[in-house]
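Chemist: What follows is a predicted protein model with its sequence.
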Amino acid sequence: MSFEALQLAPPILKALAKNGHDVPTPIQREAIPKALSGRDLIASANTGTGKTAAFVLPALQKIFDDPSKKGLRVVVLTPTRELADQIAKATSKYGKYMKAHSVAIYGGMPFGDQIRALSQSPEMIIATPGRFIDHIWRGRINLSNVELFVLDEADRMLDMGFIDDVEFVAEAMPEECQTLLFAATMNQAAITFAKKFMKDPDRLELTVNGKLTHDKIEQRLHMTDNLQHKGRILRHLCSDKDLSRAIVFSATKKDADILARELRSEGFGVAALHGDMTQTIRNRTMDNMRRGKIRILVATDVAARGIDITGVSHVINFDLPRSAEDYVNRIGRTGRASESGVAISLVSHADFPYLERIERYIGQTLNIDVIPGLEPTRALTGARKPKAFSPGRGKPPFGGARKRNAGQKPVRRSANSN
């Protein structure tokens, strides 16, 4: 099927062709007609499958169909600033040949610039919940003419402390407003929201326990004895000539800074990305990554949500996520579009309960790899036993001063931080 078969407006088709998009992805092929029908829609698909265009294109079509309507007509809520920027760029790209004014609104940016943007009566606003509500309370946003309300990454947004904010916005929408809910996985919070605020929605699910994420991603793990052993393995992985661009996941913001500093001292082109950084620095970091000035990005789950960087060859879980859904979302940063990728997890004995949960969720057992000279010294039994064991003979560890509890959970960002 081509995009023409979806009956999109000529200016939108022209923009798609200009950007080399001829054939819709499965989520786009299924979701766009349902969204254009006017019914509410719940759509779940894995990261990197093209969900952004699946709602941006119907939003632009709605604006195109009736240019006589003025004011705000489409609202997109998303959990992170980076994702808001990504959606805004996609809207500008696909709406290049039509009159559709959109703005991105999120925390960390000056109010003055956003006030000026809102004064120009945009048809579409892409926003994080906290800042969007700030502008509503100050009377700068009128929702009375909104026709389409989109929740992107709804599973994460509702799981990050935004439930009250999202429900406030949903309740403020006009009764006849169409609602689209997009998620990588349908968690209980998203299901509860749908039951409460959506009207007989169509349901589209292109994931089965996250399994569709993995067909182009080689997944493996390395057993680690301790934090120093982890550091030696990470340094070895970052030295791999096949690693062209990587995202290393850390449990906390502090750990991300420490890891980035240690890798930088080893001569790697690396930077950290987390919620305590100013928006200017975050934007500069992402731009440097895209330009190839940074080869390795050390990020937390929240900061990495919405990262849209092509050519990520490796994802490395320095800290294994506690949630199986987070694992799927993390490794989805690689193996995107037609590319292949490698996802590597560094696992200690204390991580076994989380590893087992992840393997049940994805429906497969991850293979254990052993690096000569960096073998774990603690033997395992049964199916978890690697091919060979010998005392570690790696280089002296870096990160020896880095201390934390083995079971420490990631620090969640507060609902107001966006």
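Modeler: The structure has been received and is ready for your questions.

Chemist: tell me the mean pLDDT for stretch 364-372?
Modeler: Here stretch 364-372 scores 89 as its mean pLDDT.

Chemist: how about the nearest residue to residue 53 once chain neighbours are set aside, what does it touch?
Modeler: Using C-beta to C-beta, 6 or more residues apart in numbering and skipping residues adjacent in sequence, the residue nearest residue 53 is residue 28, 5.6 Å away. For every residue, glycine as well, the C-beta is placed using N, CA and C. Applying C-beta atoms under 8 Å, 6 or more residues apart in numbering, we find residue 28 in contact with 6, 50, 53-54, 57.

Chemist: Residue 23 against residue 6, yeah?
Modeler: No - the criterion here is C-beta atoms under 8 Å, and residue 23 misses it with residue 6 at 10.7 Å.

Chemist: quick one, which of those two is more surrounded?
Modeler: Between residue 23 and residue 6, counted using other C-beta atoms under 10 Å, the more crowded position is residue 6 (19 against 11).

Chemist: Can you read off the pLDDT for the more buried one?
Modeler: On the pLDDT scale, residue 6 is placed at 91.

Chemist: Just say helix, strand or coil for the closest residue to it other than its chain neighbours.
Modeler: Spatial nearest neighbour of residue 6, excluding adjacent residues (C-beta to C-beta, 6+ apart): residue 32 at 5.1 Å. Judged by DSSP: H, G, I helix; E, B strand; the rest coil, the three-state class of residue 32 is helix.

Chemist: what's around residue 32, how many residues?
Modeler: Neighbour tally, residue 32, other C-beta under 10 Å: 23.

Chemist: Could you report the pLDDT at it?
Modeler: Looking at residue 32, its pLDDT stands at 95.

Chemist: how about it, what does it touch?
Modeler: 6, 8, 24, 54, 57-58.

Chemist: From those residues, which land in helices?
Modeler: 54, 57-58 (DSSP state H).

Chemist: Report the separation between the nearest residue to residue 3 once chain neighbours are set aside and residue 352.
Modeler: Sequence neighbours aside, residue 16 is the residue nearest to residue 3 in space, at 5.2 Å (criterion: C-beta to C-beta, 6+ apart). Distance of residue 16 to residue 352, given as C-beta to C-beta, to the nearest Å: 46 Å.

Chemist: Please say which of these two ends up with more neighbours.
Modeler: residue 16 (22 against 13).

Chemist: Contact partners for the more buried one?
Modeler: Residue 16 makes contacts with 3, 8, 22, 94, as judged by C-beta under 8 Å, 6+ apart.

Chemist: What is the nearest of those residues to residue 164?
Modeler: residue 94 (32.1 Å; C-beta to C-beta).

Chemist: The closest one: neighbour count?
Modeler: Residue 94: 27 neighbours (other C-beta under 10 Å).

Chemist: Which pLDDT value goes with it?
Modeler: Looking at residue 94, the pLDDT reads 96.

Chemist: What distance do you get for it to residue 17?
Modeler: 11 Å.

Chemist: Repeat that for residue 177.
Modeler: Taken as C-beta to C-beta, the span from residue 177 to residue 17 is 31 Å.

Chemist: got it, and residue 199?
Modeler: 35 Å.

Chemist: Over to residue 108?
Modeler: 35 Å.

Chemist: which one of the contacts of residue 32 sits closest to residue 88?
Modeler: Taking C-beta to C-beta as the measure, residue 88 lies nearest residue 57 of these, at 14.7 Å.
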